[in-house]
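A.B. asks: Task: produce atomic coordinates for the following.
(one chain, ligands or ions: 1)
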Amino acid sequence: MAFIKINKENFFHNLSQFVHKTATKNSIGIVLKDNAYGHGLKLMAQLSQEFGLTQAVVRSYAEAQVIKPYFKHILVLGDHAIVDKQCSFTLNALEDIDTAQKGSTVELKVDTGMHRNGIAFDELKIALQRLKEKGLILKGVMTHNRSADELSSELFWQSKKFEEVKKIVKNTGYTHIRFHSFNSASALRLPCENEDFIRLGIGAYGYSELPSIYKTLALKPVLSLWANRVATRTLQKGQRVGYGGTYRAEKEMRVSTYDLGYGDGWMRSNRLKAFTTAENLTILGRVSMDYVSLESHQEQVCIFDNALDAGKQLNTISYELMTQLHPDIKRTIL
Ligand SMILES: *Cc1c(COP(=O)(O)O)cnc(C)c1O
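C.D. replies: Residues are numbered from 1 along each chain as shown. This is a model prediction of the structure:
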């Protein structure tokens with residue numbers, strides 16, 4: 001099977017860049033949802049702890065349970081709230097208050113314009129009232145920015161709306177609440193030292209999908225994807241490779257099969273334009289379930305070491321390319 005190398009030095013470098021902006025490690029919550037963006041949940045939890053982070057963010061309670069030994073506190077974004085001293089649970093809708101277990105710690109998500117999750121601005125007072133009646137412990141109030149990674153002023157009107165939210169919450173009598181709205185893109189664009197908490201995802205893994213004028217930090221990719229040689233043959237001019245024989249040899253050439261395919265989470269969609277690897281080798285013909293063909297006889301090849309560039313070739317974003325990588329692929333720390 002293909003394998004993944006995790007560059008610890010680059011991960012620590014990226015985290016340091018953000019700590020420089022927040023001025024403390026304690027306000028950073030490393031986002032480890034979706035197998036830590038394909039990097040490996042447990043492994044990245046260990047490295048985060050080694051770096052000195054104390055908080056993490058995941059999607060499910062099942063993920064939280066895997067990483068509990070490594071963190072003081074974990075925010076769960078999408079699961080039912082239950083009583084667990086180490087975890088807080090996001091309330092994405094009023095109904096979540098009804099289904100939450102009495103005594104559980106929650107963070108209320110308010111919709112300030114993304115219109116995906118979160119209670120409406122108008123429901124804020126009702127929500128605060130109801131969760132009190134229900135006996136829930138409110139730890140935080142949060143929102144999510146829909147356009148932080150786009151060149152527009154939208155981030156600013158959403159932030160303004162969130163300021164109104166804060167005012168209402170404080171006026172209701174809550175004093176020890178944390179407020180948070182920053183993802184990586186917001187953290188790259190705006191000052192961070194006054195933020196209670198930052199939900200740091202893609203930036204920690206080395207990417208910014210922001211337009212280049214916002215590339216304020218020098219981030220380094222953490223993950224690289226590698227494949228092993230399985231078999232090599234010499235093709236005569238005119239012979240064709242793989243399913244459908246869509247690649248035709250222009251000349252005599254040495255071609256090897258490598259152990260990576262769409263079954264491993266590698267994208268098959270390189271039909272319009274062939275994918276070029278980190279070492280400038282072109283994938284010949286179609287991607288199979290478990291194999292690709294390259295003009296090479298190296299024992300190991302690096303498929304990509306920059307998910308942003310690789311994603312562009314495949315008409316997608318770094319997030320999608322990385323989260324698809326199969327959890328069974330062996331991940332090793334460099
Ligand atoms: C995934 C997620 C993040 C992290 O976003 P990045 O762009 O990867 O930094 C932050 N907040 C919420 C609510 C998320 O779902």
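
A.B. asks: Quick check: closest non-adjacent residue to residue 55.
C.D. replies: In space, residue 55 comes closest to residue 29 once its chain neighbours are excluded; the distance is 4.2 Å by C-beta to C-beta, 6 or more residues apart in numbering. Using the backbone N, CA and C atoms, a C-beta is placed for each residue, glycine as well.

A.B. asks: Quick check: residues of the chain near the ligand?
C.D. replies: 31, 33, 77, 144, 183-185, 199-203 (C-beta under 6 Å from any ligand atom).

A.B. asks: Buried ones from those residues, can you make that a PyMOL selection?
C.D. replies: Buried residues among the residues of the chain next to the ligand (16 or more other C-beta atoms under 10 Å), as a PyMOL selection:
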select buried, resi 31+33+77+144+183+184+185+199+200+201+202+203
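
A.B. asks: Just give me the closest of the residues of the chain next to the ligand to the ligand.
C.D. replies: Closest to the ligand out of the residues of the chain next to the ligand is residue 201 (2.3 Å), distances taken as C-beta to the nearest ligand atom.

A.B. asks: Spit out the contact partners of the closest one.
C.D. replies: 31, 33, 37, 57, 183-184 (C-beta atoms under 8 Å, 6 or more residues apart in numbering).

A.B. asks: now the helix or strand harbouring residue 89, how far from the chain's geometric center?
C.D. replies: Secondary structure from DSSP states H and E places residue 89 in strand 87-91. Centroid separation for strand 87-91 versus its chain: 19 Å, with C-alpha atoms, centre = their mean, to the nearest Å.

A.B. asks: by contact count, what packs against it?
C.D. replies: helix 61-67, strand 73-76, strand 105-109, strand 137-142 (3 or more C-beta pairs under 8 Å, 6 or more residues apart in numbering; DSSP states H and E).

A.B. asks: can I get those in JSON lines with mean neighbour count and mean pLDDT?
C.D. replies: Compiled in JSON lines, these are given as follows (neighbours: other C-beta atoms under 10 Å; pLDDT from 0 to 100):
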{"stretch": "helix 61-67", "mean neighbour count": "17", "mean pLDDT": "98"}
{"stretch": "strand 73-76", "mean neighbour count": "23", "mean pLDDT": "98"}
{"stretch": "strand 105-109", "mean neighbour count": "23", "mean pLDDT": "98"}
{"stretch": "strand 137-142", "mean neighbour count": "21", "mean pLDDT": "98"}
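
A.B. asks: related to what we said a few turns ago, mind listing which of the residues of the chain next to the ligand are in strands?
C.D. replies: Counting by DSSP state E, these place 31, 199-200 in strands.

A.B. asks: wait, isn't residue 101 in contact with residue 82?
C.D. replies: Yes: the pair residue 101 / residue 82 is scored as a contact, 4.6 Å apart, by C-beta atoms under 8 Å.

A.B. asks: before we move on, back to that, for the residue nearest to residue 55, list each beta-bridge partner.
C.D. replies: Bridge pairing for residue 29 (DSSP bridges) gives the partners residue 55, residue 199.

A.B. asks: Can you get me the start-to-end distance on stretch 262-281?
C.D. replies: 18 Å (C-alpha to C-alpha, to the nearest Å).

A.B. asks: residues making contact with it?
C.D. replies: 1-2, 38, 224-225, 246-247, 260, 282-284, 286-290, 292, 294-296, 298, 301-306, 310, 313-316, 321, 324-326, 329.

A.B. asks: which regions of the stretch 101-250 of the chain lie under the pLDDT threshold?
C.D. replies: 150-151 (pLDDT under 70).
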